[in-house]
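Colleague: With the input below, show me the fold.
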Amino acid sequence: MTEYLDNLVRESLVALAADVHVRRWRAKERNWVNYYAHRHLLSRSAQGTPFFDPAQIGIEVAVPQPPDRPKSTAPKDLVIWSMPGATCWDEDWTPCSQPMVVTEWKVHRPGKRNREVASERYWLAKYCSWQPSVLGFAIEIDLDCPDPILICSRYSGATEQPQWLLAALT
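Modeller: Predicted coordinates:
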């Protein structure tokens, strides 16, 4: 399943980077997340695969936090659940269900670097170490450079792969 999810994320992000619509696009993080989900991720759901229904996608949804965190849940930009309409809560409202994929997005605008990148990467590393079956991806859209680029780092268990994917926004 890991290979399938890696390919799903890689192929959909490469398609996003090559999308003519995003060239010189003026959009913030939520716009990027929504456009990516609706244009490039939803169309890749297919029966007989781990991602078989568009309702497996959650945008700005809660996931359980590692035990040492002050709150029991944290909102994440985009997740993929194993079942359509899933949430992290059980029948007693205890956050216990984990998604298959957690993504965090950041957009660097010209002259305005997003300063939360390091803290989100730290959270993803800690979360994926705590939940080794969950894949984490830190996605950055860097528009603060002469040649805009999409950068994706991958987290699995205790392993971080910085710049797992680099794709020019062409």
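
Colleague: ok, now which residue in this structure is the farthest from the centroid?
Modeller: Taking Cα atoms, centre = their mean, the residue of the chain most remote from its mean C-alpha position is residue 92, at 27.5 Å.

Colleague: Identify each buried residue in the helix or strand harbouring residue 118, please.
Modeller: Residue 118 is part of helix 117-130 when elements are defined by DSSP states H and E. Of the residues in helix 117-130, those buried by neighbour count under the rule 16 or more other Cβ atoms under 10 Å are 117, 120, 121, 123, 124, 125, 126, 127, 128, 129, 130. C-betas here are computed from N, CA, C, even on glycine.

Colleague: Now pLDDT and distance to residue 63 too, for those residues, in JSON lines please.
Modeller: Listed next are the buried residues of helix 117-130 as JSON lines, based on pLDDT from 0 to 100; distance: Cβ to Cβ, whole Å:
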{"residue": "117", "pLDDT": "86", "distance to residue 63": "19"}
{"residue": "120", "pLDDT": "91", "distance to residue 63": "13"}
{"residue": "121", "pLDDT": "92", "distance to residue 63": "16"}
{"residue": "123", "pLDDT": "94", "distance to residue 63": "10"}
{"residue": "124", "pLDDT": "95", "distance to residue 63": "11"}
{"residue": "125", "pLDDT": "95", "distance to residue 63": "15"}
{"residue": "126", "pLDDT": "95", "distance to residue 63": "12"}
{"residue": "127", "pLDDT": "96", "distance to residue 63": "8"}
{"residue": "128", "pLDDT": "97", "distance to residue 63": "11"}
{"residue": "129", "pLDDT": "96", "distance to residue 63": "14"}
{"residue": "130", "pLDDT": "96", "distance to residue 63": "11"}
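
Colleague: Just give the strands next to the helix or strand harbouring residue 153 in its sheet, each with its orientation.
Modeller: Counting by DSSP H and E, the element that carries residue 153 is strand 149-156. In the sheet, strand 149-156 lines up against strand 135-142 (antiparallel), strand 159-168 (antiparallel) (DSSP bridges).

Colleague: if I've got this straight, residue 42 is in a strand?
Modeller: No - judged by DSSP: H, G, I helix; E, B strand; the rest coil, residue 42 forms no part of a strand; its state is helix.

Colleague: and it, how many neighbours does it have?
Modeller: A count of neighbours around residue 42, defined by other Cβ atoms under 10 Å, yields 16.
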